[in-house]
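*Asks:* Give me a model of this one.
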Amino acid sequence: MSYPKHLAGVALAVAAVSVTTAVAQDAPDTGWKTSAGLNFALTSGNSDTLLIGANFNAAKKWEQNELIGTADVAYGEATTRAVVGTVLVDNDNITVNNFGAALQYNRLISERFYLGARVDGRRDEIADIDYRFTGTANAGYYFIKEKNVTLSGEAGPGYVVEKLGVDKNDYMTIRFGEKFTWNINERARVFQDLEFMPEASDFGNHIIQGQIGLEADIVKNLALRVTLQDTFRARPAAIAGTVPLVFREKNDLKLLAGINYKF
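*Replies:* As a prediction, this is how the structure comes out:
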């Protein structure tokens, strides 16, 4: 594993975030609430591991409109050592390699009821998801809409196009979503969301994914964030070349801790 190369990549990512935030600080207030985060872990010794993760969140509310965008990426490697004869051999394995993004627009029809549309895409090399694109139309409602607490639910039809391993699929889906936020005080907040997306004609083929996290401010624009994320795929991809077929794990769980910069 070449750490200098990877550390250079981390440095560039940090620099990019720094430049973005510096520009944002000098720019006039446009109503956007944005944040960029970075997670990084490195070990060395009998085994070497590297994990890099980054995320970006943006939201804007104006008049009766809401626009929300998210993006994330994660990459990890592990190197183990074994003796073959009298030679020490390093085995490099990619343990994490995924990225995705989503964009959602909501139009408030009343103070609590809204209509909207959402598009998202994801790739996950380890889970053999070459690509997955989803587009949905949503009707939603804010069950709680207070200054410090919000709880909303939404549902609507959509369409999925994906490639799992060697299999290409496309089908109608129904998306059920829920989102909760709680500003505990001026310096700490809890966030949680969950969605269930079954195939419209076969609910046995579905995805359940969600997250829950805690964020606490260190200084005005810098916060520590801990997030637990889980994705469950009822029918995961088959591993190519296995007879009989062997499938990937249905569940992927991630615990992330890092720093978020708000600008």
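
*Asks:* With adjacent residues omitted, what lies nearest to the residue positioned nearest the centre of the chain?
*Replies:* Central residue of the chain (CA atoms, centre = their mean): residue 72, 4.9 Å from the mean position. Counting by CB to CB, 6 or more residues apart in numbering, residue 72 lies nearest to residue 55, which is 4.3 Å off, once chain neighbours are set aside. Every residue, glycine included, has its C-beta placed from N, CA and C.

*Asks:* circling back: packing partners of the helix or strand where the residue nearest to the centre of the chain lies?
*Replies:* Using DSSP states H and E, residue 72 sits in strand 65-84. Counting contacts by 3 or more CB pairs under 8 Å, 6 or more residues apart in numbering; DSSP states H and E, strand 65-84 is packed against strand 47-62, strand 87-108.

*Asks:* The shortest one vs strand 65-84, what angle?
*Replies:* Angle between the axes of strand 47-62 and strand 65-84 is 180 degrees (criterion: axes from the mean of the first three to the mean of the last three CA atoms, to 10 degrees).

*Asks:* ok, strand 47-62: who's next to it in the sheet?
*Replies:* strand 32-43 (antiparallel), strand 65-84 (antiparallel) (DSSP bridges).

*Asks:* what pLDDT does residue 184 get?
*Replies:* Looking at residue 184, its pLDDT stands at 95.

*Asks:* For the residue nearest to residue 72, list each beta-bridge partner.
*Replies:* Going by DSSP bridges, residue 55 forms beta bridges with residue 37, residue 72.

*Asks:* thinking again about what came up before, which of the helices and strands packed on strand 65-84 has the highest mean neighbour count?
*Replies:* Comparing the helices and strands packed on strand 65-84 by mean neighbour count (mean count of other CB atoms under 10 Å), strand 47-62 comes out on top with a mean of 17.

*Asks:* quick one: low-confidence parts of the stretch 101-250 of the chain?
*Replies:* Scanning the stretch 101-250 of the chain for pLDDT under 70 picks out the ranges 241.

*Asks:* Could I get the full set of strands for it?
*Replies:* With DSSP state E, counting those that start in this stretch as the criterion, the stretch 101-250 of the chain has strands at 113-124, 129-145, 149-164, 167-183, 188-199, 202-217, 222-233.

*Asks:* Pipe those strands into a markdown table and attach mean neighbour count and distance to residue 34 per row.
*Replies:* Shown next, in a markdown table, are the strands of the stretch 101-250 of the chain (neighbours: other CB atoms under 10 Å; distance: least, CB to CB, whole Å):
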| stretch | mean neighbour count | distance to residue 34 |
| --- | --- | --- |
| strand 113-124 | 17 | 18 |
| strand 129-145 | 17 | 22 |
| strand 149-164 | 17 | 18 |
| strand 167-183 | 16 | 16 |
| strand 188-199 | 17 | 15 |
| strand 202-217 | 15 | 14 |
| strand 222-233 | 17 | 13 |
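
*Asks:* before we move on, the earlier item: compile the strands paired with strand 47-62 into a markdown table and extend it with columns for mean pLDDT and distance to residue 191.
*Replies:* Output for the strands paired with strand 47-62, formatted as a markdown table (pLDDT from 0 to 100; distance: least, CB to CB, whole Å):
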| stretch | mean pLDDT | distance to residue 191 |
| --- | --- | --- |
| strand 32-43 | 88 | 11 |
| strand 65-84 | 86 | 12 |
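
*Asks:* For the ones you listed, give me JSON lines that also has distance to residue 94.
*Replies:* What follows is the strands paired with strand 47-62, written out as JSON lines (distance: least, CB to CB, whole Å):
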{"stretch": "strand 32-43", "distance to residue 94": "15"}
{"stretch": "strand 65-84", "distance to residue 94": "6"}
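
*Asks:* For residue 219, find the nearest of these.
*Replies:* With CB to CB as the criterion, residue 219 lies closest to strand 32-43 of the strands paired with strand 47-62, at 13.9 Å.

*Asks:* Touching, residue 124 and residue 75? I think so.
*Replies:* No - with contact defined as CB atoms under 8 Å, residue 124 does not count as touching residue 75 (11.4 Å).

*Asks:* okay, and the common contacts of the two?
*Replies:* Common neighbours of residue 124 and residue 75, using CB atoms under 8 Å, 6 or more residues apart in numbering, are residue 97.
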